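In: Give me a 3D structure for the following:
(2 chains)
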Amino acid sequence: MQLPDAESMLHALVEQMRPNMTADTALVGIHTGGVWLAERLHKALGLTQPLGCIDVSFYRDDYGSKGLHPQPQRSGIPFDVDGTPIVIVDDVLYTGRTTRAALNELFDYGRPSRVDLAVLVDRGGRELPIAARYCAHTLAEPLAADQSLQLERNPSGKLELGLINA
Amino acid sequence: MRNPQLNEHGELQHLLSLDGLPKSVLTAILDTAEPFTEVAEREVKKLPLLRGKSVFNVFFENSTRTRTTFEIAAKRLSADVINLNVATSSTKKGETLLDTVDNLCAMQADMFVVRHESSGAPYLIAEHLHNTGRHHIRVVNAGDGRHAHPTQGLLDMFTIRHYKKDFHNLTVAIVGDVLHSRVARSQIAALTTLGVPEVRVIAPRTLLPTDVERMGVRVFNDMHEGLKDVDVVMMLRLQNERMNGALLPSPQEFFKVWGLTMEKLARARPDAIVMHPGPMNRGVEIDSAVADGGQAVILPQVTFGIAVRMAVMSMLAGS
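Out: I've put the predicted structure just below:
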């Protein structure tokens, strides 16, 4: 399967989001790919609120069966969540469970005025009632469960999509 | 021999001792504890990991700080916490250790945090759970006799890494009553596993185990020599309650020779940190000027202890 170019998708995502950005809009990236993406969006959109990041390891719903995700990262929300419009940023939208975990975590910091979701790719296969307001590309056919799609960042900072067949 | 702490995949099942745990496991615990420190800064200081689990703090020996920090850690992970001060109840009425455990299992315990005055009691419980097929119940050693206090050892390592970043070029001195100290044993095991090149113990010969050199440490019987150029000073509490017989002349005399004062601390590196597991005996092993001074990291140790215990409990409960 031919994967779309991540850099051009990023450009498309910026244009989708731009009309709705306000002075107090804040971005929160989900580790790890979502944080890379959020850093680029934050710069391209010229947002003034500092960038937040979330690692959902402590909120995953498969903890009971799979245990704690190895090497969890520190979450950091360097702005007041109460009353702030927030866009959660992730590289790939799949089952929706990561987004659910991120929402739960976000609300432990406060009550945002609204929350949207921005993703580079929707790969299908949703298991929860979650949709992205901003999405650069939706795959025509959902990927199989044993395939893994994720963002990679090469040493020069360029973003690329990688498909791994398990 | 089966290591009761690890399952067949090398994952932590129980935390009983730092002795025999590989570097990879120790490092994984410290790495996992790192993001837990951030939870204390949130509006809602709670994570859902242990939601619906029952954690029993079973303390056969008194402790305030350790029990409280375990309780806070479990509560921040959303567990239901039951504190049992067994020293003053069942045991006094004659119930055996394993009968107490069986009764708590019948109350659907998921995890035991155990403090006991006898070395090996947490092992006995873990083996009993294994032999009776209760493989889902976890045991954390919160201090057993003179043997081990693994979460204290881990929080000490977390503190050292926080201030010194790396273990590989450090000189660390453990000072005081090594003989009676389970904390010292856990510290020595962790420091050597994590690659600290020089671990010193500084104590009078009467307060050192006879085979202490075999633990891979350099022994000093003089504070001025032993503290020279160290990066980390780990003080131990003088354990009056564990001493039988006259190992020491008097607390005042001990302070004069072995107590950490500013003058003795000046022998260490200028950026050396001073640690103490608590509770401190001011004027016995440590002078107030040091305990309250700029090099002391004794209160941060307590705070880090919560994150480290959260990491241990969430790694155990999810494995």
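
In: all strands for the stretch 51-200 of chain B, in order.
Out: B:54-59, B:80-84, B:111-116, B:138-144, B:171-175, B:198-202 (DSSP state E, counting those that start in this stretch).

In: Check what pLDDT A:Leu3 gets.
Out: On pLDDT, A:Leu3 comes in at 83.

In: Could I get the contacting residues of it?
Out: By CB atoms under 8 Å, 6 or more residues apart in numbering or on different chains, A:Leu3 lies in contact with A:Leu149, A:Leu161, A:Leu163. C-beta here means a position set from N, CA and C on the backbone, and glycine is covered the same way.

In: how far away is it from chain B?
Out: 31 Å (CB to the nearest CB, to the nearest Å).

In: for that residue, helix, strand, or coil?
Out: Following DSSP: H, G, I helix; E, B strand; the rest coil, the label given to A:Leu3 is coil.

In: what domains does the record give for chain B?
Out: Annotated domains of chain B cover B:23-148+B:303-317, B:150-302 [automatic domain parsing].

In: Could you dump those into a markdown table with mean neighbour count and distance to A:Thr99 added?
Out: Compiled in a markdown table, the domains of chain B are given as follows (neighbours: other CB atoms under 10 Å in any protein chain shown; distance: least, CB to CB, whole Å):
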| stretch | mean neighbour count | distance to A:Thr99 |
| --- | --- | --- |
| domain B:23-148+B:303-317 | 19 | 16 |
| domain B:150-302 | 19 | 32 |
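
In: Can you add mean pLDDT and distance to A:Pro129 and give the ones you listed back as JSON lines?
Out: As requested, these are arranged in JSON lines below (pLDDT from 0 to 100; distance: least, CB to CB, whole Å):
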{"stretch": "domain B:23-148+B:303-317", "mean pLDDT": "93", "distance to A:Pro129": "20"}
{"stretch": "domain B:150-302", "mean pLDDT": "93", "distance to A:Pro129": "40"}
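
In: closest one to A:Ala145 among those?
Out: domain B:23-148+B:303-317 (25.5 Å; CB to CB).

In: contacting residues around the residue lying closest to B:Met107 once chain neighbours are set aside?
Out: Closest residue in space to B:Met107, ignoring its immediate chain neighbours: B:Ser54 at 7.4 Å, by CB to CB, 6 or more residues apart in numbering or on different chains. Counting by CB under 8 Å, 6+ apart, B:Ser54 makes contact with B:Ala79, B:Asp80, B:Val81, B:Ile82, B:Met107, B:Gln108, B:Ala109, B:Asp110, B:Met111.

In: Let me have those in a markdown table, adding distance to B:Gln252 as columns.
Out: Output for the contacts of B:Ser54, formatted as a markdown table (distance: CB to CB, whole Å):
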| residue | distance to B:Gln252 |
| --- | --- |
| B:Ala79 | 45 |
| B:Asp80 | 47 |
| B:Val81 | 41 |
| B:Ile82 | 42 |
| B:Met107 | 48 |
| B:Gln108 | 52 |
| B:Ala109 | 46 |
| B:Asp110 | 48 |
| B:Met111 | 43 |
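
In: what about stretch B:33-53, near chain A?
Out: Yes. Counting by CB under 8 Å from any CB of the partner chain, chain A has neighbours in stretch B:33-53: B:Glu34, B:Pro35, B:Thr37, B:Glu38, B:Arg42, B:Glu43, B:Val44, B:Lys46, B:Leu47, B:Pro48, B:Leu49.

In: end to end, how far does that stretch reach?
Out: 20 Å (CA to CA, to the nearest Å).

In: Show the model's pLDDT score for the residue of the stretch 201-319 of chain B found nearest chain A.
Out: Using CB to the nearest CB, B:Gly318 is the residue of the stretch 201-319 of chain B that sits closest to chain A, at 3.5 Å. With respect to pLDDT, B:Gly318 scores 86.
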